[in-house]
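Asks: here is the input, now give the coordinates:
(2 chains)
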Number of protein chains: 2
Amino acid sequence: MAKEVKTGLVGFGVVGTGLVQCLQNNQHQIDDRAGIPIRLKTIADLDILTPRDADTSGIHLTTDVNDILNDPEIDVVVELIGGTGFAYDLITQALNAGKDVITANKALLALRGQDLFNLAHKKNRLLLFEAAVGGGIPIIQALRTGICSTEVERIYGILNGTANYILTRMEEAHLDFDVALIEAKAKGYAEADPTYDIEGHDTTHKILLLSQLAFGCQIRFDDIYREGITRLTFFDLQMARELGYRVKLLAIAKREGDRLDIRCHPALIPLSSQLAAVNGVYNAMVVAGHPVGTVMFYGPGAGGPATGAAVASDLMEVARQIQRGNQRRNDYSFDYRNLAIKPVGESACPYYIKLNVLDRPGVVAQVTAVLAEQSISIASFIQKERREPHEAVPIVLTTHEASESAMELAVEKIATLDSVVERPFLIRIENLQ
Amino acid sequence: MAKEVKTGLVGFGVVGTGLVQCLQNNQHQIDDRAGIPIRLKTIADLDILTPRDADTSGIHLTTDVNDILNDPEIDVVVELIGGTGFAYDLITQALNAGKDVITANKALLALRGQDLFNLAHKKNRLLLFEAAVGGGIPIIQALRTGICSTEVERIYGILNGTANYILTRMEEAHLDFDVALIEAKAKGYAEADPTYDIEGHDTTHKILLLSQLAFGCQIRFDDIYREGITRLTFFDLQMARELGYRVKLLAIAKREGDRLDIRCHPALIPLSSQLAAVNGVYNAMVVAGHPVGTVMFYGPGAGGPATGAAVASDLMEVARQIQRGNQRRNDYSFDYRNLAIKPVGESACPYYIKLNVLDRPGVVAQVTAVLAEQSISIASFIQKERREPHEAVPIVLTTHEASESAMELAVEKIATLDSVVERPFLIRIENLQ
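Replies: You can find the predicted model right below:
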């Protein structure tokens, strides 16, 4: 029987540092709860010399990942380098070498996860990924075990701390997107290249992983409709608020029979909803199904300490299994059912429509006539006063539920109207019921 | 290797029925995720003849619990009878017979749990209790595994659906406690004898169990300060709201060095806090610690379907372990540290004070003088107009942080003032920071 569980960490960045700090600061508790001491034996990183805010005495530091892969003493490999190339090879090799693997790499698991999950299954090794979604929120564990008897119908939430921070700052400081992004970069909440976060890739990776667990099916990333937050302005947030909503970058997955409606896009959600109160870098996910009803999880969605803690909790799970000499088999499967992805054009929802129009008689009549042609009915209408003569004025409409395809046709036609200055801007309204 | 996991259920009430429905409705998913079929072989209940809203074909129904205890085929016993006498013997016998045990019995685990936990440990059998706290919310699982690397500093929440339903109805329908209680009974949200829920016993049992898990220590029920909601009036809820608060039955546990401040009582919490938005029979718990930060869990706190789902999830965990031939050891221990319970008299918080006074000159001066003597400073003051001449008028004060013992002395003295009609009524204010 093992006397301790030896771990190799690959990737000594923000989350890696958080993990090392967690293992050190909470060592006694962690060892007690795991039932066996967990020892971090080796850390590999291409840049291993830059000092980190963590004590590495007694840990072998190396630039060579083979020091971990080829070390028969190492039981568990923690992959925190990110990316979908080298990380893939690393995890493959680690599993093939009989090691359990923990990763926080949502992009890799969302894009190339199936091979890795299959390999882990074949090798009877754990492949755990609590830190891949929701930072410190134990949502993966909840789906794997805590609420695993429930047949999930819907899962939705705010899954990206950077985008949510930007939206929160736009609203509270009356900033447009670009300014808020600069501020987020300056504060370290957005990366130098923020595409991944603000264009919804990250959120989409995460809803993919949650949905695979919740619905027990395989999902292809490219099949998921995705829209980022870069076109939002403070004006939109202000109008949304006037209408009783807040704008969030929302991930949604709803099972409808044998189809899955899964999307990532900005949405107006009711100000009174719990998700509307999720601000800054916090994340929250709602899971609804039979028989559990509706459950919500809320917490820090990113950051080294919280995400490092999630990795450490996974490590404790692996350690317990090793200590007990247990068979190590993952408690998820994505082959339980096949769900076809519902084309986004077949969806229907209420819409927020922003138009810039020349202030001429009859404009509103023209626009509403086009909507009426597509059987789209208007729920509310806001026209702000013109600031300068001949300046275009913004008009905001909300509609009752309309099909995506009807709305698409209406927008095309409205864009061609003489008095309409630019293509109408749409945001979906999700009442989260 | 086992071909299926056979279960015996003792107690076929609301939660038992929820469990049977869950196992039937979600059978395919449950068997797939557990990796082995879960079969409910026998149900024992003293009243086994009353029809339940669940299909029992193929299940052996009996009034004799020995049909389960003495059946060598039965792997797992689910205890849903409640109470702390017979249930204790039943679980003891089941563990001694080498069976794993699942229970939803918070009273039993809070009052006599230590023997049972020790016995499970000795027998290498699982004793799981997800359904004991928070209905369908997987908070036990989260503390056991999902956030187990975090050193918890604080855990607090709304843990009793009945009390929360009553408070919600009092506020929204302008009801006093007694009327709201009658309504809750009529709707089936309160039992014929509601003492357990409205006097805080149930909430106290639950915060005890959560704290034992979170802090890794043993706690005696009798050491926990407990106060119910029976003295609250609509007027209190209305005043609280005017002051920017909502009144909730709150359970709190905070670690302060090697002491634990653990309590259950009504409290004014900020209207803007997430817990203030937890209404009706919903529950929510906040866990804060290093390094995870603050995490919140929200969901249905009671009811057959949600609680039955929690039992079913536990059952799947047991089944997985049996299927894999794993050593079955519980992943919690309450011997990690010793914490002394902080006497409630040593606590300090801001207070809400309601006084009924005769409307005479100088009353307020007298009251405030007494508070000043105890170095208690006043934060706000509301005096409502007198309705009838010579009628006593209510005065509401809030204070800045004051020690419990100073407040106690002040209240004693205020109660003796000629113009003060009855003993002042205090509610603690918790700003939840």
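Asks: residues near residue A:230, how many?
Replies: Residue A:230 has 16 neighbouring residues, counting by other Cβ atoms under 10 Å in any protein chain shown. Yep, even glycine has a C-beta here, placed from its N, CA and C like the rest.
Asks: for residue A:244, same thing?
Replies: So residue A:244, with other Cβ under 10 Å, has 13 neighbours.
Asks: do the same with the one 5 residues further on
Replies: Residue A:249 sits with 26 neighbouring residues when counted by other Cβ under 10 Å.
Asks: from chain B, how far off is it?
Replies: 20 Å (Cβ to the nearest Cβ, to the nearest Å).
Asks: and the host helix or strand of residue A:308, how far from the chain's centre?
Replies: Using DSSP states H and E, residue A:308 sits in helix A:304-323. Its chain's C-alpha centre and that of helix A:304-323 lie 21 Å apart, by Cα atoms, centre = their mean, to the nearest Å.
Asks: touching chain B at all, that helix?
Replies: Yes - judged by Cβ under 8 Å from any Cβ of the partner chain, helix A:304-323 and chain B are in contact via A:305, A:306, A:308, A:309, A:310, A:312, A:313, A:315, A:316, A:317, A:320, A:321.
Asks: and the third one, what is it in contact with?
Replies: Same thing as residue A:308. Contact analysis of residue A:308 by Cβ atoms under 8 Å, 6 or more residues apart in numbering or on different chains lists A:15, A:16, A:17, A:18, A:19, A:20, A:21, A:22, A:131, B:291.
Asks: show the pLDDT at the residue most central in space within chain A.
Replies: Computing the C-alpha centroid of chain A and ranking residues by Cα atoms, centre = their mean puts residue A:203 first, at 3.0 Å. For residue A:203, the pLDDT comes out at 98.
Asks: quick check: which element contains residue A:410?
Replies: Per DSSP H and E: helix A:404-415 holds residue A:410.
Asks: strand partners (parallel or antiparallel) of whichever helix or strand comes after that helix?
Replies: Following helix A:404-415 in sequence order, the next helix or strand is strand A:425-429 (DSSP H and E). Next to strand A:425-429 in the sheet, as set by DSSP bridges, lie strand A:259-270 (parallel), strand A:351-357 (antiparallel).
Asks: and the ones you listed as TSV, adding mean neighbour count and distance to residue B:218?
Replies: As requested, the strands paired with strand A:425-429 are exported to TSV (neighbours: other Cβ atoms under 10 Å in any protein chain shown; distance: least, Cβ to Cβ, whole Å):
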stretch	mean neighbour count	distance to residue B:218
strand A:259-270	23	44
strand A:351-357	22	55
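Asks: rebuild those as TSV, extending it with mean pLDDT and distance to residue B:196.
Replies: Shown next, in TSV, are these (pLDDT from 0 to 100; distance: least, Cβ to Cβ, whole Å):
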stretch	mean pLDDT	distance to residue B:196
strand A:259-270	98	36
strand A:351-357	95	48
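Asks: so which of those gets nearest residue B:119?
Replies: With Cβ to Cβ, the closest approach to residue B:119 among those belongs to strand A:259-270: 45.6 Å.
Asks: packing partners of the helix or strand encompassing residue A:208?
Replies: Counting by DSSP H and E, the element that carries residue A:208 is helix A:201-215. When contacts are defined as 3 or more Cβ pairs under 8 Å, 6 or more residues apart in numbering or on different chains; DSSP states H and E, helix A:201-215 sits against helix A:106-123, helix A:139-141, strand A:151-158, strand A:225-226, strand A:245-256, strand A:259-270, strand A:282-290.
Asks: now it, how far from the chain's geometric center?
Replies: 7 Å.
Asks: and that helix with strand A:282-290, angle?
Replies: 30 degrees (axes from the mean of the first three to the mean of the last three Cα atoms, to 10 degrees).
Asks: okay, helix A:201-215 in PDB with CA atoms only?
Replies: Listed next in PDB are the C-alpha coordinates belonging to helix A:201-215 (Å, rounded to 0.1, in the frame of the first residue of the first chain):
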ATOM      1  CA  HIS A 201     -15.000  30.700 -26.800                       C
ATOM      2  CA  ASP A 202     -14.300  30.000 -23.200                       C
ATOM      3  CA  THR A 203     -17.900  30.100 -22.100                       C
ATOM      4  CA  THR A 204     -18.800  27.700 -25.000                       C
ATOM      5  CA  HIS A 205     -16.100  25.300 -24.000                       C
ATOM      6  CA  LYS A 206     -17.500  25.300 -20.500                       C
ATOM      7  CA  ILE A 207     -21.100  24.800 -21.400                       C
ATOM      8  CA  LEU A 208     -20.000  22.000 -23.600                       C
ATOM      9  CA  LEU A 209     -18.300  20.200 -20.700                       C
ATOM     10  CA  LEU A 210     -21.200  20.800 -18.300                       C
ATOM     11  CA  SER A 211     -23.700  19.600 -20.900                       C
ATOM     12  CA  GLN A 212     -21.800  16.400 -21.700                       C
ATOM     13  CA  LEU A 213     -21.800  15.600 -18.000                       C
ATOM     14  CA  ALA A 214     -25.400  16.700 -17.400                       C
ATOM     15  CA  PHE A 215     -26.900  15.000 -20.400                       C
END
